[in-house]
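# Below are the sequence and a predicted model; questions follow.
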Amino acid sequence: MTLYNFLKLGFRSNLSKVLGLILLGVSLHSCKDPVVATPNNPVVDEGWDTVTNFNGLIVPQTGKLNFKVNYSFDGQPIVFNSKKYINAANDTFTIAEIRHYFTNVTLIKPNGDRVNLQNYHLMDASVANTRSITIDNVPPGNYVGMTILLGVDSMKNRGGLQEGALDPAWSMFWTWNTGYIFYRINGAVNNGRSYSFDVGGDEHAPYIELDLSTYKVKSKVPSFELMLDANEMFQNPEVYSFEKDGYVIHSNTDPGVNKMAKNMRDMLKITSLMP
Amino acid sequence: MKKFLFVIIGISLFIIACKKDPETGDPYAYDPTPYNLQIPKSLGWTSFPIPSDNPLTEAGVALGRKLFNDPILSVNNTQSCASCHKVPNSFTDPLRFSIGALGDIGERQSMPLFNLAWAERYNLTNHRYFWDGGATDLERQAIGPILNPIEMANPDLFSVLARLQKHPEYPSLFRKAFGSDSITSVKLAKAIAQFERTLISSNSNWDKAERRERLRTQSEINGMIIFSTEKGDCFHCHGNPSSPFFTDYLFHNNGLDEMPKDSGLMRITGLPEDFGLMKTPSLRNLSFTAPYMHDGRFNTLMEVIEFYNSGTKNSPTVDPMISKSFPHGGLNLTPMEKNDLLNFLLSLNDSSFVGLK
């Protein structure tokens, strides 16, 4: 398996990568109409204009959500390929590629009801226009929380093939296994080796939970700026060590994948929410 | 004057070109005519699920067949699916390990292809295709060999799609099958999966006997009894006596090794109890599909029978249907019984499926 994956990496040509990234930029969009989690939930029930003490995000009428994701390592913007980074386990490495799914953005109401916007986007840290997305048809409501899946939900992960962001041609798909690569990071290690982490598997789906109740924003088109901190893959709750836990994760059953997926749950944070 | 002549000729050509096929229209126009799938009517031949987004059509199956046989899918135009899934071999490879487009040697025996889609009816897990269950459905399976570095060895799907898009005929064939010239990985996989769903082998001597078109020999009957009773106990994995598929479409460790070299299903599930489990192959068409087992270690059916009779090995994940014969030192079949079992197996050959008839 190791040889297989080594070959697989080695064969990924630059030409196709460039082509892929261009296409990636052009159209990675497959939004569907949002579905309200509870069918008997009235769409407009919270009288936001009178609720002055509400903490969170108010979308007064059917709107849109803008997202822009910035990539950092320990709080500093990532410089790809050239800059060396050190994690909590003292591994020293560069970062060549970060690519991940950004799907199932779900807004949470004060009563716990969830509104899944059913978006499917693939983001590449080094391709600017994949990092800024807009999700349409956001139902009006008061929202106190949000979850984002840095991966693919089990329904789409388990079977069939999809176009758009989920097209297997984006090379975020395990052709010899069952399912999508949710999140990919790779690069060179200080001592001349390389590392390559492909996180996937339904049981490891990195659902990120974000608190909106610290904001007071009312907007039809609110804009989120998010920070994805790659260092968090290697710490919190457990330190991930390349040496101890592995330089390679290439399947949903590789030993280190569980630890890394758990660490990922705090890697995405809101840096700003603007009306 | 000369110029004028050219214009006349040009206009005439234009008119002729425009008049092409005024009655029949575009031969490549989108054509969703359903494919007439022939599933036998006799006992046990149930239907199988077809994905709602990939119904079988005449044009889709024809496109899938063309793609299956076209080396354009390999990185250097040397290999098609059919290179390692040969019709005369019931869509497998007589080589123990197939040789890939770049000369690399595979690690498992090529699997025969027929009656595949019933896996999606009888196997309710996510693990259905490949020896180790690494694909959920035929659409996903079809992508695997195209990108496998020791098989068709393409670095990515974009390069494959670009080759197909530049081809003089494929864009039109995709339009005919799916309504648009634009060739995507999903359509590519769908076409191949459609073709694979039509590969139905159902015309062996055993089938003819089921249809009352011939009588079984006494030896076949004896062999069938060994197969379908505790005597041989083949039927637990290879299908109960009334099943025409001769596989349960599931995964078992059949006791080939005390320490399996290939982790099989565990590679996909990560579960220790799946260590060394491989997909049960169908027993149809065995005369065409040698060598046998996931690693092609046996060249003859008698070797296989002798293995189950006296050669099975214990290991933590060995199937209970195998280990229950350990206290008795194996199945203890007599030479006559082995011969009867062989004759029963040979009655499952479907010559018409491999183009012999």
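Received, thanks.

# What segments of the stretch 101-250 of chain A are helices?
A:128-131, A:154-158, A:242-245 (DSSP state H, counting those that start in this stretch).

# And these: which comes nearest chain B?
Of all the helices of the stretch 101-250 of chain A, helix A:154-158 sits nearest to chain B, with 5.4 Å by CB to the nearest CB. For the C-beta atoms, the positions are set from N, CA and C on the backbone; glycine is no exception.

# what's near enough to touch the closest residue to residue A:97 other than its chain neighbours?
Leaving aside its sequence neighbours, residue A:97 sits nearest to residue A:186 (CB to CB, 6 or more residues apart in numbering or on different chains; 5.3 Å). Residues in contact with residue A:186 (CB atoms under 8 Å, 6 or more residues apart in numbering or on different chains) are A:9, A:95, A:96, A:97, A:194, A:195, A:196, A:197.

# repeat that for 6 Å
A:96, A:97, A:196 (CB atoms under 6 Å, 6 or more residues apart in numbering or on different chains).

# For the last one, give me its contacts.
Right, residue A:196. A:186, A:248.

# what is it paired to in the beta sheet?
For residue A:196, the beta-bridge partners are residue A:186, residue A:248 (DSSP bridges).

# Do you know the pLDDT at the residue nearest to residue A:97?
On the pLDDT scale, residue A:186 is placed at 97.

# Surely residue B:177 touches residue B:58?
No - under the contact definition of CB atoms under 6 Å, residue B:177 does not touch residue B:58, with a separation of 8.8 Å.

# higher neighbour count, the two?
residue B:177 (24 against 16; other CB atoms under 10 Å in any protein chain shown).

# can you pull the buried residues of the one helix or strand the more buried one maps to?
Counting by DSSP states H and E, the element that carries residue B:177 is helix B:170-178. Under the neighbour-count criterion of 16 or more other CB atoms under 10 Å in any protein chain shown, helix B:170-178 has B:170, B:171, B:173, B:174, B:175, B:176, B:177, B:178 buried.

# before we move on, what about stretch A:125-135?
Of the residues in stretch A:125-135, those buried (16+ other CB under 10 Å) are A:125, A:126, A:127, A:130, A:131, A:133, A:135.

# one step back: and the helix holding residue B:177, what does it pack against?
Packing partners of helix B:170-178 (3 or more CB pairs under 6 Å, 6 or more residues apart in numbering or on different chains; DSSP states H and E): helix B:58-68.

# Could you rerun that using 10 Å?
Packed against helix B:170-178 by the contact rule (3 or more CB pairs under 10 Å, 6 or more residues apart in numbering or on different chains; DSSP states H and E) you find helix B:58-68, helix B:157-166, helix B:185-197.

# Go ahead and name everything in contact with that helix.
Helix B:170-178 has contacts (CB atoms under 10 Å, 6 or more residues apart in numbering or on different chains) with B:26-32, B:54, B:57-64, B:66-67, B:70, B:72, B:161, B:163-165, B:167, B:180-184, B:186-188, B:190-191, B:194.

# do you know which of the helices and strands packed on helix B:170-178 lies nearest residue A:121?
Nearest to residue A:121 among these is helix B:185-197; the distance by CB to CB comes to 17.7 Å.

# Please name the residues that touch the nearest residue to residue A:116 once chain neighbours are set aside.
Excluding the flanking residues, the one nearest residue A:116 by CB to CB, 6+ apart is residue A:106, at 4.6 Å. By CB under 10 Å, 6+ apart, the contact list for residue A:106 reads A:34, A:37, A:114-119, A:143, A:145-149, A:207, A:209.

# next one: stretch A:154-166 to chain centre, how far?
16 Å (CA atoms, centre = their mean, to the nearest Å).

# ok, now stretch B:60-69?
Mean-position distance between stretch B:60-69 and its chain equals 14 Å (CA atoms, centre = their mean).

# what about the stretch 1-150 of chain A, any weak spots by pLDDT?
A:1-52 (pLDDT under 70).

# what ranges do the strands span in it?
Taking DSSP state E, counting those that start in this stretch to define them, one finds strands in the stretch 1-150 of chain A at A:35-36, A:56-59, A:63-73, A:76-77, A:85-86, A:92-93, A:97-108, A:114-116, A:120-124, A:132-138, A:141-143, A:145-149.

# Out of those, flag the one nearest residue B:138.
Comparing these against residue B:138 with CB to CB, the closest turns out to be strand A:120-124 (22.9 Å).

# same for that closest one, what does it pack against?
Counting by 3+ CB pairs under 10 Å, 6+ apart, strand A:120-124 packs on helix A:14-26, strand A:63-73, strand A:97-108, helix A:128-131, strand A:132-138.

# again, only using 8 Å
Strand A:120-124 makes packing contacts with helix A:14-26, strand A:97-108, helix A:128-131 when contacts are defined by 3 or more CB pairs under 8 Å, 6 or more residues apart in numbering or on different chains; DSSP states H and E.

# Not counting its neighbours along the chain, what's nearest residue A:197?
Per CB to CB, 6+ apart, closest to residue A:197 is residue A:249, 4.5 Å.

# Can you give me every residue that contacts that neighbour?
Contacts for residue A:249 were tallied using CB under 8 Å, 6+ apart; they are A:196, A:197, A:198, A:199, A:256, A:257, A:260.

# Any idea how many residues pack against the fifth one?
If you count neighbours by other CB under 10 Å, residue A:256 ends up with 18.

# That one contacts residue A:238, doesn't it?
No - contact criterion CB atoms under 8 Å: residue A:256 and residue A:238 do not qualify, at 10.4 Å.

# Check the contact lists of those two and give me the overlap.
Contacts common to residue A:256 and residue A:238, judged by CB under 8 Å, 6+ apart, are absent.

# coming back round to it: quick check: the farthest pair among the buried residues of stretch A:125-135?
Pairwise over the buried residues of stretch A:125-135, using CB to CB, the maximum falls at A:126 and A:135, 22.4 Å.

# do you know how far whichever residue of chain A sits closest to chain B is from residue B:266?
Closest to chain B within chain A is residue A:253: 3.0 Å, counting by CB to the nearest CB. Computed as CB to CB, to the nearest Å, the residue A:253 to residue B:266 distance reads 8 Å.

# Next up, the contacts around residue A:232.
A:263, A:264, A:266, A:267.

# Which among those count as buried?
A:263, A:264, A:266, A:267.

# which ones among the residues you listed are found in helices?
Residues of those located in helices (DSSP state H): residue A:263.

# Is it possible to get TSV of the buried ones among the contacts of residue A:232 that adds distance to chain B and pLDDT?
Output for those, formatted as TSV (distance: CB to the nearest CB, whole Å; pLDDT from 0 to 100):
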residue	distance to chain B	pLDDT
A:263	19	96
A:264	19	96
A:266	25	95
A:267	23	97
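
# which one of the buried ones among the contacts of residue A:232 is nearest residue B:272?
residue A:263 (24.6 Å).

# In this structure that closest one contacts residue A:231, no?
No - judged on CB under 8 Å, residue A:263 makes no contact with residue A:231 at a distance of 9.6 Å.

# Now the common contact residues for the two.
In contact with both residue A:263 and residue A:231: no residue, using CB under 8 Å, 6+ apart.

# what does the stretch 151-275 of chain A put close to chain B?
A:158-163, A:167-169, A:171, A:173, A:175-178, A:251-253 (CB under 8 Å from any CB of the partner chain).

# Put the buried members of those into a PyMOL selection.
Typed into PyMOL, the line below selects the buried ones among these, using 16+ other CB under 10 Å:
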select buried, chain A and resi 158+159+160+161+162+167+168+169+171+173+175+176+177+178+251+252+253
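
# Hmm, residue B:100 is touching residue B:146, no?
No - at 11.5 Å, residue B:100 does not count as touching residue B:146 under the criterion of CB under 8 Å.

# shared neighbours of those two, anything?
residue B:152.

# How about the closest residue to chain A within the stretch 151-300 of chain B, nearest residue that isn't a chain neighbour?
For the stretch 151-300 of chain B and chain A, the shortest gap (CB to the nearest CB) falls at residue B:270, measuring 3.0 Å. Closest residue to residue B:270 apart from its sequence neighbours, by CB to CB, 6+ apart: residue A:253 at 3.0 Å.

# which residue ranges form the strands in the stretch 151-300 of chain B?
B:251-252, B:278-279.

# Give the pairing partners of the first one; include direction for each.
This means strand B:251-252. In its sheet, and by DSSP bridges, strand B:251-252 pairs with strand B:278-279 (antiparallel).
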